[in-house]
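**Student:** can you look at this prediction? I've put the sequence above it.
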Amino acid sequence: MRRLKELILITLIIIIPCKVMALEGTFEVECTPAQVMPGEEVSCSIKGTSTDTVNNISANLSAAEGLEIVGFNASSEWASGEVSASNDKISVYGNGTSGNFNIGTLKLKVSDTASDGTLNLNFTKIEYWDSLEESNNIGNKQVPITVKNEVLEKGLKSLSVEGYTLGPSFSPETYGYTLVINSKTFKINAVPANANDTVTIYDIVDKTTPLD
């Protein structure tokens, strides 16, 4: 009877399934500048996260017509990295990293004849190879690059304080002014050169809280 109980116990241990936690991760790409003119270059910083050790990373890479892949530099966290021209694939190899990590920097160039609009950079079949040398699918990532022929205006278009005179007079190339105000209330009129920009005024000491 005891022998029978031992066999039943062994059988139960064998058939109980083991739950294996799969690797979870992210793949993020930030390209600067976000808006470019034809002929300019774009630098894309690629970063990732992982709940397990990652030894290798690979992703298929494709760029819209008018966007040329110039090169790729792997982060120092990896022993090597490359972009394969034959199959448009980015790869890095290392001794294992986890948590938050840098993957590398991808260099792009916009065609001299590119029209205004959005050119997409696509990463597909992103895979992280874990400590067991098993592949984990992280998904796909699309990054838009905005092309605009006109020069992006920066700075201020005008600056004035009602009832007072700036010293020196306003100029888009001047970044410092002196003004003595003898009132507790005053009104500053500041118009950005780019209509999409927002002007915020801060105290020279407290640079975290905007002034009214």
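**Tutor:** Received the coordinates, thanks.

**Student:** tell me where the chain has strands.
**Tutor:** Across the chain, reading from the start of the chain, the strands by DSSP state E fall at 25-32, 35-36, 41-63, 67-74, 80-84, 89-110, 117-130, 135-147, 156-161, 188-192.

**Student:** got those as a markdown table, with mean pLDDT columns?
**Tutor:** Rendered in a markdown table, the data for these read as follows (pLDDT from 0 to 100):
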| stretch | mean pLDDT |
| --- | --- |
| strand 25-32 | 95 |
| strand 35-36 | 89 |
| strand 41-63 | 94 |
| strand 67-74 | 90 |
| strand 80-84 | 71 |
| strand 89-110 | 91 |
| strand 117-130 | 95 |
| strand 135-147 | 95 |
| strand 156-161 | 86 |
| strand 188-192 | 87 |
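
**Student:** how about those, which one is nearest T178?
**Tutor:** Among those, strand 156-161 comes nearest to T178, with 11.5 Å by Cβ to Cβ. (Glycine included, C-beta is placed from N, CA and C.)

**Student:** export only the CA atoms of that closest one, formatted as CSV.
**Tutor:** These are the backbone C-alpha positions of strand 156-161, laid out as CSV (Å, rounded to 0.1, in the frame of the first residue of the first chain):
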residue,chain,number,x,y,z
LEU,A,156,10.2,86.1,-30.3
LYS,A,157,8.6,88.2,-32.9
SER,A,158,7.9,91.1,-30.6
LEU,A,159,8.4,92.0,-26.9
SER,A,160,7.1,95.0,-25.0
VAL,A,161,6.0,96.1,-21.5
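
**Student:** which other helices and strands does that strand contact?
**Tutor:** With contacts defined as 3 or more Cβ pairs under 8 Å, 6 or more residues apart in numbering; DSSP states H and E, strand 156-161 has these neighbours: strand 188-192.

**Student:** which residues touch the strand it packs on?
**Tutor:** Residues lying outside strand 188-192 but in contact with it, judged by Cβ atoms under 8 Å, 6 or more residues apart in numbering, are G155, L156, K157, S158, L159, S160, V161, E162, T198, V199, I201.

**Student:** that strand to strand 156-161, inter-axis angle?
**Tutor:** Calculated by axes from the mean of the first three to the mean of the last three Cα atoms, to 10 degrees, strand 188-192 forms an angle of 180 degrees with strand 156-161.

**Student:** and the strands of the chain as a markdown table, adding distance to D212 and mean neighbour count?
**Tutor:** Putting the strands of the chain into a markdown table (distance: least, Cβ to Cβ, whole Å; neighbours: other Cβ atoms under 10 Å) gives the following:
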| stretch | distance to D212 | mean neighbour count |
| --- | --- | --- |
| strand 25-32 | 33 | 16 |
| strand 35-36 | 31 | 17 |
| strand 41-63 | 37 | 19 |
| strand 67-74 | 44 | 16 |
| strand 80-84 | 50 | 15 |
| strand 89-110 | 38 | 18 |
| strand 117-130 | 38 | 17 |
| strand 135-147 | 34 | 16 |
| strand 156-161 | 15 | 15 |
| strand 188-192 | 11 | 13 |
